[in-house]
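Colleague: sequence first, then the predicted structure, then my questions.
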2 protein chains.
Amino acid sequence: MAKRTFICGLDAAITVMGGKWKGLILFSLGEGTRRFGELRRAVPGISERMLILQLREMEASGLVHREVFHQVPPKVEYSLTEFGASLNAAMGPLGAWGEENMARIEAIP
Amino acid sequence: MAKRTFICGLDAAITVMGGKWKGLILFSLGEGTRRFGELRRAVPGISERMLILQLREMEASGLVHREVFHQVPPKVEYSLTEFGASLNAAMGPLGAWGEENMARIEAIP
DNA sequence: ATTCATCCTTACAAAAGTGTGAGTACCGAA
DNA sequence: TTCGGTACTCACACTTTTGTAAGGATGAAT
C-alpha cells in the first residue's frame, strides 16, 4: 500500500478498491466461487494479465482466497474471504446507486 | 466518459468516482458547502490543480454545484447537488467499512 | 507427433493519472 | 508603491495504471 495513514474510512476503502477492475471482480466473486477462466468471462474486457494482477493484489489484501487443484489441465478456484464478503456487502448500496442512475451516468459526455 | 455501456451498477458508480480524490471531496462536501480554500485544507495532500480538475469533472457529472461571488478577493462556493448527495449517501456504508477495518487495511504492505 | 485446454508469465508500450512550480487577475490595505 | 489574499490557469515532467502480444508448462486425447 505504501500509505500509512488515511484521512477517513472512505480513503482507506478506496485504497483497497483502487483501479477499474477490483470492484467488478469482487462483485462477480460475491455471487460464488469462480475459476480463473470463469472470472475472465464474467468480467468482459479484462485481459488475463490484468485479471491476475488484480487477483494477486486482492489476495494480498486478504479479500480473496485462492485454491489450486493440481490437475491437468490446471484448475484454480477463487472465492471471497469473510473480509472480502464484508467489503462486498458494503459496496452493495453503491452498486444499487449506479444501477438506478445508470442512464444518467451514461449520458455524462 | 467515453464509455457507453456498463456491465453493472458498480461499474457505473466506479466510473463517476474514479481517481483517488473524488471520494474525499464528496465526503467533505457532504458535511456542507465549502469554499475552494476550505476544501483544499479539508483534503490534505491534494494540490490546487488536482482539486480544480476533480471539481470540474464532478461539476460536469452533475454531482457538484459551483457558485461564484464576484468579490475581491474572489469567493467561490461548492456544494453537493441532490445527485451528489444521493451518491454520498450510497458511499456511506463503504466509508463505515473502511473506518471499521482501517487498522487491517493500513497493515496490508 | 500434434493438438488441446487451462492458468498463468514476461517484455514492451501506450494511456491515464498525478505532481511541481510558476504565473494571472482583482482591489483594498499598509 | 508594494503587499496580501483568493481562486484559479498553464506548461511540463513524472508515476502509475492499463493494454498487447507472445510464450510456457502439463498430460490426456487424437
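Modeller: Sure, I can see it. Numbering: from 1, shown residues only, chains lettered A, B, ... in the order given.
Colleague: what about the residue nearest to residue A:81 when sequence neighbours are not counted, how many neighbours?
Modeller: Distances taken as C-beta to C-beta, 6 or more residues apart in numbering or on different chains put residue A:65 closest to residue A:81, at 5.2 Å, once the chain neighbours are dropped. Where you see a C-beta, it was placed from the backbone N, CA and C, and this is true even at glycine. Residues near residue A:65, counting by other C-beta atoms under 10 Å in any protein chain shown, number 17.
Colleague: check residue A:90 too.
Modeller: 22.
Colleague: ok, so what distance separates it from DNA strand C?
Modeller: Counting by C-beta to the nearest atom of the strand, to the nearest Å, the gap from residue A:90 to DNA strand C is 21 Å.
Colleague: contact partners for that residue?
Modeller: Contacts for residue A:90 were tallied using C-beta atoms under 8 Å, 6 or more residues apart in numbering or on different chains; they are A:13, B:93, B:94, B:96, B:97.
Colleague: assign a three-state SS to it, would you?
Modeller: helix (DSSP: H, G, I helix; E, B strand; the rest coil).
Colleague: how about it: what's its closest non-neighbour residue?
Modeller: Residue A:90's closest residue in space is residue B:97 (C-beta to C-beta, 6+ apart), at 3.6 Å.
Colleague: hang on, the one you found packs against residue A:8?
Modeller: No: contact criterion C-beta atoms under 8 Å: residue B:97 and residue A:8 do not qualify, at 11.8 Å.
Colleague: ok, those two, which is more surrounded?
Modeller: residue B:97 (23 against 16).
Colleague: need the pLDDT of that one.
Modeller: We have a pLDDT of 97 for residue B:97.
Colleague: figure out the helix or strand that the closest residue to DNA strand C within chain A lives in.
Modeller: Residue nearest to DNA strand C within chain A (C-beta to the nearest atom of the strand): residue A:37, separated by 2.9 Å. Residue A:37 is part of helix A:36-42, with elements assigned from DSSP states H and E.
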